[in-house]
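S.K.: no sequence on hand, only this structure:
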């Protein structure tokens, strides 16, 4: 009985440990995006980050699924390991992507203190929410 | 009569609502004719050079300059010379270079020495401290200790304006170069382009 109780407790601890460990796949594109609305025609299709000479550099690929040029606004929030912002708010940058095209945005962190980031993105045309 | 009775509960609720309606919280403002906006928002009032253009240029140039010096063991000393405005409109280029300097100093990649515009004030203060005889020698700035710039940054902004029908197209190009003062070689250059189209 004691053994079975111990086994039960051990199993619970293992389960709890597995539950609280963040999954490796958490670093998805979606986890790095802060969308303001759901873009109707534009989509972040690729995102690469690397550190060069101590400065983080990003390459963001935006795709336009429509045949007409579409507009959006974007900026990057630079964070440290703890998620604390290390730089003042950037200016919102306008962006026009030609119809059925992809565009790469390249940006470098302003300070070596930046080790993480969030891309704030808002399209001019968003899908209407049913709620 | 207990608090659980429906009549009492209704009375308490009514009193609470009345109190909350009376206690309106006022904003710490004087007057209500002006509203403050987001200084980082995209300004699209007209096609003329605006705050978003200035901020985008300063950000792009500062990032590019910082990247060019990232990883260097010694932070180079830099001075900012003139950015010539070759457009047909009035643009305060000094404001652009001031923003670039602020961002580079905050990033910690470069050190800036007194530029030509600030040299008179700098030498006046230096002479006052070192030659007026009013200050303690141990706690005053001495002549001959100023640092010279290793690099000089300068550039220009140009524009192409075209009008056709009800459309006006403005293209801006901001170019910046960094020259090694001693060698005269251009060590870094970059440019930022902006296109704005307005319907009349």
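M.R.: Here it is on my side, so go on. What you are looking at is a predicted structure, and each value in this text was computed from that prediction instead of being measured. Numbers count the residues shown, from 1 in each chain, chains lettered A, B, ... in the order given.
S.K.: just the strands in chain A please.
M.R.: Along chain A, counting by DSSP state E, strands occupy A:33-35, A:42-52, A:55-64, A:70-79, A:93-97, A:102-108, A:116-123.
S.K.: for chain B, what's the nearest residue on chain A?
M.R.: residue A:53 (3.3 Å; CB to the nearest CB). Using the backbone N, CA and C atoms, a C-beta is placed for each residue, glycine as well.
S.K.: possible to save the strands of chain A as a markdown table with mean pLDDT, mean neighbour count and distance to residue B:39?
M.R.: Putting these into a markdown table (pLDDT from 0 to 100; neighbours: other CB atoms under 10 Å in any protein chain shown; distance: least, CB to CB, whole Å) gives the following:
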| stretch | mean pLDDT | mean neighbour count | distance to residue B:39 |
| --- | --- | --- | --- |
| strand A:33-35 | 95 | 14 | 19 |
| strand A:42-52 | 94 | 15 | 25 |
| strand A:55-64 | 96 | 19 | 24 |
| strand A:70-79 | 97 | 20 | 13 |
| strand A:93-97 | 97 | 17 | 14 |
| strand A:102-108 | 96 | 15 | 20 |
| strand A:116-123 | 96 | 19 | 16 |
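S.K.: redo those strands as JSON lines? Include distance to residue B:196.
M.R.: Below are those laid out as JSON lines (distance: least, CB to CB, whole Å):
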{"stretch": "strand A:33-35", "distance to residue B:196": "26"}
{"stretch": "strand A:42-52", "distance to residue B:196": "20"}
{"stretch": "strand A:55-64", "distance to residue B:196": "20"}
{"stretch": "strand A:70-79", "distance to residue B:196": "13"}
{"stretch": "strand A:93-97", "distance to residue B:196": "9"}
{"stretch": "strand A:102-108", "distance to residue B:196": "18"}
{"stretch": "strand A:116-123", "distance to residue B:196": "19"}
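S.K.: in stretch B:167-186, what counts as buried?
M.R.: For stretch B:167-186, burial by neighbour count (16 or more other CB atoms under 10 Å in any protein chain shown) applies to B:168, B:170, B:172-179.
S.K.: again, but for stretch B:127-147
M.R.: The neighbour-count check on stretch B:127-147 (16+ other CB under 10 Å) flags B:129-130 as buried.
S.K.: for it, measure first residue to last.
M.R.: End-to-end distance for stretch B:127-147, by CA to CA, to the nearest Å: 16 Å.
S.K.: other residues contacting stretch B:127-136?
M.R.: Residues outside stretch B:127-136 that contact it (CB atoms under 8 Å, 6 or more residues apart in numbering or on different chains) are B:140-143.
S.K.: and the gap between residue B:171 and residue A:54?
M.R.: Distance, residue B:171 to residue A:54, by CB to CB, to the nearest Å: 35 Å.
S.K.: and residue B:195, what element?
M.R.: Using DSSP states H and E, residue B:195 sits within strand B:186-199.
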